[in-house]
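S.K.: Here is a sequence with its predicted model. Questions after.
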Amino acid sequence: MGGVFVKPITGVKGEIRVPGDKSISHRAALLGGMAFGETHVTDFLLGQDCLSTLKCLRELGVAWERQGTEVWLHGQGMDEWREPTNILDAGNSGTTFRLMLGVLAGSPFSVTLTGDDSLRSRPMRRVTEPLKQMGARILGRREGNLAPITMQGGYLQGQSFQTEVASAQVKSALLLAGLRAKGETSVQEPSRSRDHTERMLRGFGVEVHSSGNLVKLQGGGRLTGQEVSVPGDISSAAFFLVLGSLVEKGELLLPEVGINPTRTGIIDVLKAMGADIEFLKSSEICGEPRATLRVRPSHLKGIELGGDLIPRLIDEIPILALAASLAEGETVIRDASELRVKETDRIARVAEGLNALGAKIEELPDGMRIHGQRTLRGGEASSFGDHRLAMAWAVAGMLSQEGVSVENMTAADVSFPDFLEIIKKVVL
Ligand SMILES: O=C(O)C1=C[C@@H](OP(=O)(O)O)[C@@H](O)[C@H](O)C1
Ligand SMILES: C=C(OP(=O)(O)O)C(=O)O
């Protein structure tokens, strides 16, 4: 196998400014495009996924400019959005696809959305079915479950939904559709998913009520353009939290990382495993809390996790599985079957990938059982085009005995451009 060879290291020292939060960047672009007036976004994530959202917006008639990580969106309200003359391509991004379906459900024109091979195999019924109940007309393969999907939006009626899975993409799609529906739209989830949409809608001037796992809003809300400062992505920081915990020496500082409680499951779990992670400077900007994180080497122990914690760390499970492989004792992850419908089947690919590097992981239907061994041999691993796997394998290489050759490392650009170059700067 070819690929990028990542060699073992013994320590890291210094400061890493992780790129902007992916979920918040998508939402800033979408709400900015829906609002009246200018929205100025700073620290926008230049990952392929968020660039897909911006590109779709342009094809829908939304004017924007970008200089580096700064984006200006010249919103004129949704009535000015126009029917795209071509198919919209969400690339690898589930968030772009599902949120866009919600936003477009109330637009009086027809639009077809598609994505890459991975996205075209991910389930969309969870969004298309409730949107149909609100009044949207939707056609797609397997009765609207698989992209390409064509939506003929129009008149929507608000509804009360109880979702089967805790998914911020589903919740957000329904709330964004609800903004343009008649009456109230509410979403009750089995566990609480990330709440960036609710927080940002409030920032743009819309009343959103949340209590427990229930969120509701009234149709007809008007969005006003805002200043949005995007915090660093905790899902990207997670790779450094694990690396900084498991190297022999050093210390990493990660400034301005988003610490919204619906996202900090990874910190809770690593700390419970024995990690030395501290919040140094905390603040709240644009309705989202952030802090400087400090991580130092420590001895990690296995843990059991599941239930409401899972949505709070769903994207961090690949890197957490690596941490657990290098911990002492057994780790069991349950209630995480959602991992099977991400960019890849992340239960199968993580177990298979880490086992090939010398780990001992048993696949479970909804998670995995990891026998921690304190060391990892190394070898070859493919990302299969999944950004989180590419980065997990690179960190595995640094923490292994023989290094790891990572096939398709460029997949990391989806959420973290220049990942390896940035790490190189802190290697001791
Ligand atoms: O709303 C979002 O920004 C996201 C929600 C999560 O997906 P689900 O809603 O499918 O759980 C997460 O895995 C994804 O990376 C981003
Ligand atoms: C699942 C992810 O993203 P999305 O669903 O937007 O493709 C992810 O970033 O890990």
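M.R.: Perfect, thanks for sending it. Numbers count the residues shown, from 1 in each chain. Ligands and ions are numbered 1, 2, ... in the order given.
S.K.: which residues touch residue 237?
M.R.: Applying CB atoms under 8 Å, 6 or more residues apart in numbering to residue 237 gives the contacts 18, 254, 257, 293. Every C-beta, even on glycine, is put in place using the N, C-alpha and C of the backbone.
S.K.: and with 10 Å instead?
M.R.: Shown in contact with residue 237 (CB atoms under 10 Å, 6 or more residues apart in numbering): 16, 18-19, 21, 231, 244, 252, 254, 256-259, 266-267, 277, 293, 295, 316.
S.K.: helix or strand for it, which one?
M.R.: Assigned by DSSP states H and E, residue 237 belongs to helix 234-246.
S.K.: Kindly report the same for residue 278.
M.R.: strand 276-285.
S.K.: Flag every buried residue along that strand.
M.R.: residue 277 (16 or more other CB atoms under 10 Å).
S.K.: I'd like the numbering to begin with 170 instead of 1 from here.
M.R.: In the new numbering, first residue 170, that becomes strand 445-454.
S.K.: thinking again about what came up before, export the helix holding residue 406 to PDB, keeping only CA atoms.
M.R.: Output of helix 403-415 as PDB, limited to C-alpha atoms (Å, rounded to 0.1, in the frame of the first residue of the first chain):
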ATOM      1  CA  ILE A 403     -13.700  20.300  19.800                       C
ATOM      2  CA  SER A 404     -14.000  17.400  17.400                       C
ATOM      3  CA  SER A 405     -10.700  18.400  15.800                       C
ATOM      4  CA  ALA A 406      -9.200  19.200  19.200                       C
ATOM      5  CA  ALA A 407     -10.000  15.700  20.300                       C
ATOM      6  CA  PHE A 408      -7.100  14.300  18.200                       C
ATOM      7  CA  PHE A 409      -4.700  16.500  20.200                       C
ATOM      8  CA  LEU A 410      -6.300  15.700  23.500                       C
ATOM      9  CA  VAL A 411      -5.600  12.000  22.900                       C
ATOM     10  CA  LEU A 412      -2.200  12.600  21.400                       C
ATOM     11  CA  GLY A 413      -1.200  14.900  24.300                       C
ATOM     12  CA  SER A 414      -2.500  12.400  26.800                       C
ATOM     13  CA  LEU A 415      -0.600   9.400  25.400                       C
END
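S.K.: What about the contacts of residue 406, which are in strands?
M.R.: 421, 423, 425-427, 446, 462, 464 (DSSP state E).
S.K.: pLDDT and distance to residue 556 added to those, as TSV?
M.R.: Listed next are the ones in strands among the contacts of residue 406 as TSV, based on pLDDT from 0 to 100; distance: CB to CB, whole Å:
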residue	pLDDT	distance to residue 556
421	98	21
423	98	19
425	98	21
426	98	18
427	98	18
446	98	23
462	98	21
464	98	22
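S.K.: farthest-separated two in these?
M.R.: Maximum pairwise distance among the ones in strands among the contacts of residue 406 (CB to CB): 16.9 Å, between 421 and 427.
S.K.: can you pull the contacts of the residue of the chain found nearest ligand 2?
M.R.: For the chain and ligand 2, the shortest gap (CB to the nearest ligand atom) falls at residue 263, measuring 2.7 Å. Taking CB under 10 Å, 6+ apart, we find residue 263 in contact with 218, 284, 287-288, 291-293, 296, 336, 338, 510-512.
S.K.: count of residues packed around residue 248?
M.R.: Number of residues near residue 248 (other CB atoms under 10 Å) recorded here: 7.
S.K.: repeat for residue 555
M.R.: 26.
S.K.: quick one: contacts for it?
M.R.: Each residue near residue 555 by CB under 10 Å, 6+ apart is listed here: 261, 287, 487, 511-515, 518-519, 522, 561-562, 577, 580-581, 583.
S.K.: Phi first, then psi, for it.
M.R.: Phi and psi for residue 555, reported as degrees, to the nearest 10, are phi -100, psi 120.
S.K.: how close does it get to residue 236?
M.R.: 30 Å (CB to CB, to the nearest Å).
S.K.: before we move on, what about residue 468?
M.R.: The value you get for residue 468 to residue 236, if CB to CB is used, is 45 Å.
S.K.: Of those two, which one has the most company?
M.R.: Neighbour count, other CB under 10 Å: between residue 468 and residue 236, residue 468 has more, with 13 against 7.
S.K.: so residue 183 sits in a helix?
M.R.: No. Residue 183 is assigned strand when assessed by DSSP: H, G, I helix; E, B strand; the rest coil, not a helix.
S.K.: got the buried residues for stretch 340-356?
M.R.: Buried residues in stretch 340-356 (16+ other CB under 10 Å): 340-350, 354-356.
S.K.: before we move on, the earlier item: which ones among the contacts of residue 555 lie within helices?
M.R.: If you go by DSSP state H, these have 487, 515, 518-519, 522, 561-562 in helices.
S.K.: Residue 581 - how many residues pack around it?
M.R.: Quick note: residue 581 (other CB under 10 Å) scores 28 neighbours.
S.K.: Check what pLDDT it gets.
M.R.: Here, the pLDDT recorded for residue 581 equals 98.
S.K.: Quickly list the domain ranges of the protein.
M.R.: According to automatic domain parsing, the chain comprises the domains 173-189+400-593, 191-398.
S.K.: Assumed residue 201 was part of a helix.
M.R.: Yes. Remark: residue 201 belongs to a helix, assigned using three-state DSSP.
S.K.: you'd agree it is up against residue 234?
M.R.: No. Contact criterion CB atoms under 10 Å: residue 201 and residue 234 do not qualify, at 11.7 Å.
S.K.: Residue 346 falls within a helix, correct?
M.R.: Yes. The assignment for residue 346, made by three-state DSSP, places it in a helix.
S.K.: residues in contact with it?
M.R.: So residue 346 contacts 268, 270-275, 296, 299-300, 303-305, 322, 325, 327-328, 354, 388 (CB under 10 Å, 6+ apart).
S.K.: ok, now residue 252?
M.R.: Per CB under 10 Å, 6+ apart, neighbours of residue 252: 228-230, 276-280.
S.K.: That one: which element?
M.R.: With DSSP H and E as the test, residue 252 turns up in no helix or strand.
S.K.: What parts of the stretch 170-319 of the chain come near ligand 1?
M.R.: 192, 263-264 (CB under 6 Å from any ligand atom).
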